[in-house]
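*Asks:* Just the structure for this:
(2 chains)
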Amino acid sequence: MNSLAITARLQAAPVGRSDPILIALWIALVSVAVIWIAPFVFIIFTALKSNAEVMTTSAFAPPTDAALENFTGAWERGNFSTTLVNSVIITVIKVPLGLLISAMAAYALARMRLRSGKLLLLFVLFGAMIPFQVMLAPLFTLVNAFGLIDTYVGIILPYLAFGVPYQVFILHGFFRTVPKELSEAALIDGASHITVFSRIFLPMSLPVLAALLILDFVATWNEFAMALVLLQDRHMWTLPLGLMSFQGQFSNDYGQLNAAIVMTVLPAVLVYLIFQRYFVSGLMSGAVKG
Amino acid sequence: MVLRSNSLHAYRTEALVLLAPAFAIYTVFAIWPMIEVVILSFQRWNGLSADRAWAGLQNYRHIFTADPVYWMAFRNTVLWTIMSVIFPPVVGLLLALGLNQKLFGRGSLRAIYYLPVIIAPIAVATMWRWMYDPFFGLFNQVLTNLGLQAWIADWLGDRSIALYSMFVAYTWQHVGFSMVLFLAGLQGVEYSLVEAARIDGANRWQVFRHVTLPALQVTITIVIVLSTISSLKAFDIIYGMTGGGPAQSTQMLALWAFTQSMQIFDFGRGSAISVTLLAITLAIVVPYLRWTQKREAASE
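*Replies:* You can find the predicted model right below:
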C-alpha cells in the first residue's frame, strides 16, 4: 500500500470529537472522577460544620456558615503547633541530605570504575524492595541502643537509610546515560571525581533531583510506622502521630476531627498540585525505564 | 593514561568519600535490623532487660501451633495481597487506557485520580473511618437517602465485612499509582503499530488484545510486583482503621508482629512473625531482581 492510500484512509478514520465511543468514555471517566473526589468534599464539608449540623444535615449539604472554630479548636487540642514544627524540621533536614548522599553514591557507582560496583548496586537495590514494617522492633532496639529514641537524629537516620535505595537506583540510571565526553575532558585536565560530580553532574541532574525531592517530601511527611516506634514522647510527635492520637481521643467531635484531617493533609496536597508534572515524570523515570 | 600509585590511592579515597555516607547509614539502619530480626526470632526477650536467652525454634513453634491469631493474620495477608494484585491494577489499567485518548480535560482527570496517592495512609484511614461511621458517616447516609436502608451496615464493626471495607479504602488510595505506571507504559506502545492494525481492519478489542497488551508486558510485571510488595507492607491503614479488630478479624502479619513486639513486649515471637513475612517478600523480590538484571543485560 502506498503512502497516499494510507493518508486517505487516515483522513477517513473517525475524528476524536464526533466518536460516540469516546464521548461515552469521557462521561464514564468524569463520573468515576466525581466519586473519587467525593471523600474530599465530604471531609471539607464536615470540617466546616458544627456537631449539631453534622447530625441534622445530609452528608453533601454544604455547611450553612463556615464553622472555622473547628480549625482553631483542633489546632489547640491536637497540639498542631508542636507536631507541625517537628514534621517540618525532620522533613527539611532529611530530604535534601538524603538526596545528596544518594547522589554521591549513585555517581560513584555509575561513573567510577570500581571492582565491586555491580555487587554494591545490587546490595542497595535489595533494600528498595524490603518492607521496613518487618523490622520495627529491631529498629527500636537499635535506635534505643544509641540512646536516640525521641530525638530528631534518631528518626532522621533510619529515614535516610530507607530512602537511599530508591534514590540511588533512579540517579544511577540517570548518571549512566550521561555521555562520557562530558566528564572525560574535565578528568583528563586533572579535575577530581568529586569536582566533576559537584560541578557537572549535580547541576545537570536538577530535573531528576526535583522529582525525587518532591516524592521524598511526600513520603517523609506521611511516614507513620517508624515514627510510631521511635518517637514516644508527645513533644516529639509528627503530624501523622498527632492525627492518630486526635482520632483516638476526640472521634466524636466530628467537625474538629475533620478539620484535623484537612490540616494534616493540606501541605502534601498543595505541594502535589504545584509540582504535579514532576511527580509523574519522576515516577515514570523510576519504575518503567529503570 | 598512566596511573601512578598515589593517584590510584586518591581514586580509592574519592570513591570512599562518595560512597561511605550512604552505605554506612544504609547498612547500619536498614540491613542490620533485618539481620537482627532473624537473630531475635530465635531468642526470648522483652525488649529492655539485659537478658536475651536463646530459645531455639520455640518462637516459631508457638506462632505456628499455639497462636490462633497468627493464621488469621496469615490468611488475611494472603487474601489482601491477592485482592491488591487484581483490583487496583485492573482499575488503573482501565483508567490509563481511557486517559490515554485525547480527551477534554484529561490532565485534570489524571490529577484527581492520582491525588489520593499522596495522602498519608494514616489520614486515609481516619477519613474512611469517618465515612464508615455507622450513624453519620457518608455511606450509611447515602444509602438512607437512596432508600436502601436494608443495605446499611456497620462497615468496620462487622467482622464478616470489615476487611473488605478496609480494602475499598486501600483501592481508592492505590489506583492512581497503577494508573500512572500504565500511562507511562502506554507511551512505549508504538502508535504506528496501532494504526497499522486499524488499517488492516482490526476492531478496538483486537487492537488492545494483540497490540497494546503485548507491548505492556513489562509494565504489567512491574505493576504486579510493586502492588504485591506494597500490599505486604500494609500497616498504617489497618492500624488507623480497625487496629486489627473486631476480634482480630482484620489482623495482618506486619501489624501482628508489631503488636507482639511493641505492645506485648515479646520480641522473640514478634520477630518470628516478621521473619515469616520477610521470607514471603524475598520469595517475590529475588526472582524479580534476577529478572530485571537479565532484562538489563539483554538491553545492553
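*Asks:* who touches the residue nearest the centre of chain A in this structure?
*Replies:* The structure's chain A has its C-alpha centroid closest to residue A:218; by Cα atoms, centre = their mean the separation is 2.7 Å. Counting by Cβ atoms under 8 Å, 6 or more residues apart in numbering or on different chains, residue A:218 touches A:268, A:271, A:272, B:118. Placement of C-beta: from N, CA and C, glycine included.
*Asks:* Could you check how far the third one is from residue A:93?
*Replies:* In this structure, residue A:272 and residue A:93 are 21 Å apart, going by Cβ to Cβ, to the nearest Å.
*Asks:* the more surrounded of these two?
*Replies:* residue A:272 (20 against 16; other Cβ atoms under 10 Å in any protein chain shown).
*Asks:* Closest to residue A:188 out of the contacts of residue A:218?
*Replies:* Nearest to residue A:188 among those, counting by Cβ to Cβ, is residue A:271 at 42.2 Å.
*Asks:* Of the contacts of residue A:218, which is the most crowded?
*Replies:* Taking other Cβ under 10 Å as the neighbour criterion, residue B:118 ranks highest of the contacts of residue A:218 with 24 neighbours.
*Asks:* So that residue versus chain A, what's the distance?
*Replies:* In this view, residue B:118 and chain A are 5 Å apart by Cβ to the nearest Cβ, to the nearest Å.
*Asks:* Settle this for me: that residue is touching residue A:266, isn't it.
*Replies:* No: in this structure, residue B:118 is not within contact of residue A:266 by Cβ atoms under 8 Å, at 11.4 Å.
*Asks:* If we ignore the residues flanking it in sequence, what's nearest residue A:157?
*Replies:* Nearest residue to residue A:157, sequence neighbours excluded (Cβ to Cβ, 6 or more residues apart in numbering or on different chains): residue B:29, at 5.4 Å.
*Asks:* Is the one you found located within a helix, as I assumed?
*Replies:* Yes: checked against DSSP: H, G, I helix; E, B strand; the rest coil, residue B:29 lies within a helix.
*Asks:* quick one, what contacts it?
*Replies:* Residue B:29 neighbours (Cβ under 8 Å, 6+ apart): A:139, A:142, A:157, A:158, A:160, A:161, A:162.
*Asks:* any idea which helix or strand carries the most centrally placed residue in chain B?
*Replies:* Geometric centre of chain B, nearest residue: residue B:230, 1.0 Å, by Cα atoms, centre = their mean. Under the criterion of DSSP states H and E, residue B:230 resides in helix B:217-232.
*Asks:* From the contact counts, what lies against that helix?
*Replies:* Judged by 3 or more Cβ pairs under 8 Å, 6 or more residues apart in numbering or on different chains; DSSP states H and E, the packing partners of helix B:217-232 are helix B:68-99, helix B:162-187, helix B:267-299.
*Asks:* That helix - what's its average pLDDT?
*Replies:* Here helix B:217-232 scores 87 as its mean pLDDT.
*Asks:* in it, what's buried?
*Replies:* B:219-220, B:222-232 (16 or more other Cβ atoms under 10 Å in any protein chain shown).
*Asks:* Using CSV, write down the CA coordinates of it.
*Replies:* What follows is helix B:217-232, C-alpha atoms only, in CSV (Å, rounded to 0.1, in the frame of the first residue of the first chain):
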residue,chain,number,x,y,z
GLN,B,217,4.0,-6.8,29.3
VAL,B,218,7.0,-5.3,31.1
THR,B,219,4.8,-2.7,32.7
ILE,B,220,2.3,-5.3,33.8
THR,B,221,5.1,-7.3,35.5
ILE,B,222,6.4,-4.2,37.3
VAL,B,223,2.9,-3.1,38.4
ILE,B,224,2.2,-6.6,39.8
VAL,B,225,5.4,-6.8,41.7
LEU,B,226,5.1,-3.3,43.2
SER,B,227,1.5,-4.0,44.1
THR,B,228,2.4,-7.2,45.9
ILE,B,229,5.2,-5.6,47.8
SER,B,230,3.2,-2.6,48.9
SER,B,231,0.3,-4.9,49.9
LEU,B,232,2.6,-6.9,52.2
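*Asks:* what's the angle between it and helix B:162-187?
*Replies:* Going by axes from the mean of the first three to the mean of the last three Cα atoms, to 10 degrees, helix B:217-232 is angled at 150 degrees with respect to helix B:162-187.
*Asks:* Quick check: next helix or strand after helix B:217-232?
*Replies:* Next in sequence after helix B:217-232, counting helices and strands by DSSP H and E, comes helix B:236-241.
*Asks:* Using CSV, write out every CA atom in that following helix.
*Replies:* Backbone C-alpha positions of helix B:236-241 (Å, rounded to 0.1, in the frame of the first residue of the first chain) are rendered in CSV as follows:
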residue,chain,number,x,y,z
ASP,B,236,-0.8,2.3,58.6
ILE,B,237,-4.2,1.8,57.1
ILE,B,238,-5.1,-1.2,59.3
TYR,B,239,-3.6,0.4,62.5
GLY,B,240,-5.6,3.5,61.8
MET,B,241,-8.9,2.0,60.7
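*Asks:* helices and strands around that helix, which ones?
*Replies:* Using 3+ Cβ pairs under 8 Å, 6+ apart: helix B:236-241 touches helix A:225-230, helix A:239-250, helix B:121-131, helix B:162-187, helix B:253-258.
*Asks:* Below-threshold pLDDT in chain B: ranges please.
*Replies:* Scanning chain B for pLDDT under 70 picks out the ranges B:1-6, B:300.
*Asks:* how is it carved up into domains?
*Replies:* B:1-37, B:68-299 (automatic domain parsing).
*Asks:* And chain A, by the same measure?
*Replies:* Using automatic domain parsing, the domain ranges for chain A come out as A:3-67, A:79-289.
*Asks:* By proximity to chain A, which residue of the stretch 51-200 of chain B wins?
*Replies:* Closest residue of the stretch 51-200 of chain B to chain A, Cβ to the nearest Cβ: residue B:120 (3.6 Å).
*Asks:* What mean pLDDT does the lengthiest helix in chain A get?
*Replies:* If you go by DSSP state H, chain A has its longest helix at helix A:80-111. Summarised as a single mean, pLDDT over helix A:80-111 is 95.
*Asks:* So which bits of the next helix-or-strand element following it are buried?
*Replies:* Moving toward the C-terminus from helix A:80-111, the next helix or strand (DSSP H and E) is helix A:117-129. For helix A:117-129, a neighbour-count test (16+ other Cβ under 10 Å) marks A:117, A:120, A:121, A:124, A:125, A:126, A:127, A:128, A:129 as buried.
*Asks:* same thing with stretch B:38-51?
*Replies:* B:38, B:40, B:41, B:42, B:43, B:44, B:45, B:47.
*Asks:* now swap in stretch A:229-239 and tell me
*Replies:* Neighbour-count burial for stretch A:229-239 flags A:229, A:230, A:231, A:236, A:237, A:238, A:239 (criterion: 16+ other Cβ under 10 Å).
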